[in-house]
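1. no sequence for this one, just the structure:
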């Protein structure tokens, strides 16, 4: 799929407080190649694959290798891996690097029980020394290849232990090129509001030199600007707010440059975008799988529009592109 992922330089790739970057945050089952390509078209600066199991990669699981695919036109794209075993992570990182992404990202933030129960994802937050040592091993593994390594993580395991300021500095000192921080603990999962206080503290640590990317609840231009102004972060990771809403990157950039909010797309624009996404999924996965995967995006594409509920119920009962297009046209006519 790709034989290179050119970027200007590591120093400029991740952004600065004066020129922050907008990242499409990795989401399992969401940020696949078709969706990443769509978000790139709407202004996402950096794309990140779905997180990929190191154990699956070293066992040559086809599905995991397929997740690493990206087109040169979608550069810079990063490949994100997760795991608990140092040897497996190092081997998987080398396999990922062979695809020539912009960088390899280690997921130390996933809160899902089946991941953390093995000491992977946010499970490592209960053992910061091990988090640092395993990350250092991956950095050493990829250093001869000139491949940058980054980390995405959370504030800590729970509110009784919030080690992110120290952990970020130690991760920097073993060679990571950038750190993304979700403003929640593992125990919060995705509940409650993100807290940016410690992200600000990481950025203001006088020993920190690498870029810091803020993540959590960034869903519109005003919120993006408020988080950037408060934390001084070098960029933002946009996750759930991009689902069915790929134009969020355009909207945020417009607000950051003008201070004005763009109006939400009209129904015709949303319908066209949704069907283009459906078609891309079918082209990538085939009609059966593609027709199922589009269903998680319907709510986002038509969020806030009246009268959509009964039409969504119809859409959820079909995986056929032509039938879905007819249903959406019927909805458009009903709203005309």
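-> Everything's here; your move. Remember, it's a predicted structure, so these values are computed and weren't measured experimentally. Numbers count the residues shown, from 1 in each chain.
2. for residue 97, what are its contacts?
-> 104, 142, 145, 147 (C-beta atoms under 8 Å, 6 or more residues apart in numbering). Backbone N, C-alpha and C define where each C-beta goes, glycine included.
3. which one is the third one nearest to, not counting chain neighbours?
-> I take that to be residue 145. Nearest residue to residue 145 in three dimensions, chain neighbours excluded: residue 97, at 5.2 Å (C-beta to C-beta, 6 or more residues apart in numbering).
4. Per-residue pLDDT of the one you found, please?
-> For residue 97, the model assigns a pLDDT of 97.
5. quick one: which two of the contacts of residue 97 are the most distant?
-> Based on C-beta to C-beta, the longest span within the contacts of residue 97 runs between 104 and 145 and measures 9.6 Å.
6. These two: which is more packed in?
-> Shown here are residue 104 and residue 145; by other C-beta atoms under 10 Å, residue 104 has more neighbours (27 against 13).
7. Quick check, pLDDT for the more buried one.
-> If you check residue 104, the pLDDT there is 98.
8. Test my guess that it contacts residue 148.
-> Yes - using C-beta atoms under 8 Å, residue 104 makes contact with residue 148 at a distance of 7.4 Å.
9. Enumerate every residue touching residue 217.
-> Neighbouring residues of residue 217 by C-beta under 8 Å, 6+ apart: 183, 193-194, 223, 241.
10. Mind checking which of the contacts of residue 97 land in strands?
-> Those of the contacts of residue 97 mapping onto strands are residue 104, per DSSP state E.
11. Low-confidence stretches in the stretch 51-200 of the chain?
-> Within the stretch 51-200 of the chain, the set of residues satisfying pLDDT under 70 is empty.
12. just the strands in it please.
-> Under the criterion DSSP state E, counting those that start in this stretch, the stretch 51-200 of the chain contains strands at 52-53, 77-82, 104-108, 149-154, 178-182.
13. ranges for the helices of the stretch 1-150 of the chain?
-> With helices called from DSSP state H, counting those that start in this stretch, the stretch 1-150 of the chain shows them at 10-13, 33-41, 54-58, 62-67, 86-97, 113-116, 128-142.
14. Neighbours of residue 256, how many?
-> The burial count for residue 256: 16, using other C-beta under 10 Å.
15. Tell me who's in contact with it.
-> Residue 256 neighbours (C-beta under 8 Å, 6+ apart): 20, 221, 224-225, 228.
16. Can you list the buried residues in the helix or strand harbouring it?
-> Using DSSP states H and E, residue 256 sits in helix 248-258. Within helix 248-258, the residues that count as buried by 16 or more other C-beta atoms under 10 Å are 248-256.
17. Can you give me the pLDDT of the closest residue to residue 287 other than its chain neighbours?
-> The spatial neighbour of residue 287 that comes closest, neighbours along the chain excluded (C-beta to C-beta, 6+ apart), is residue 321 at 6.9 Å. pLDDT recorded at residue 321 is 98.
18. Pretty sure residue 321 sits against residue 288.
-> No - with contact defined as C-beta under 8 Å, residue 321 does not reach residue 288; the gap is 11.1 Å.
19. Please identify which of the two sits among more neighbours.
-> Applying other C-beta under 10 Å to residue 321 and residue 288 shows that residue 321 carries more neighbours, namely 17 against 11.
20. Return the residues in contact with residue 33.
-> 69-71, 74, 284.
21. Quickly list what residue 80 is bridged to.
-> Taking DSSP bridges as the rule, residue 80 bridges to residue 105.
22. Relative to residue 181, how far out is it?
-> 15 Å (C-beta to C-beta, to the nearest Å).
23. Sounds good, over and out.
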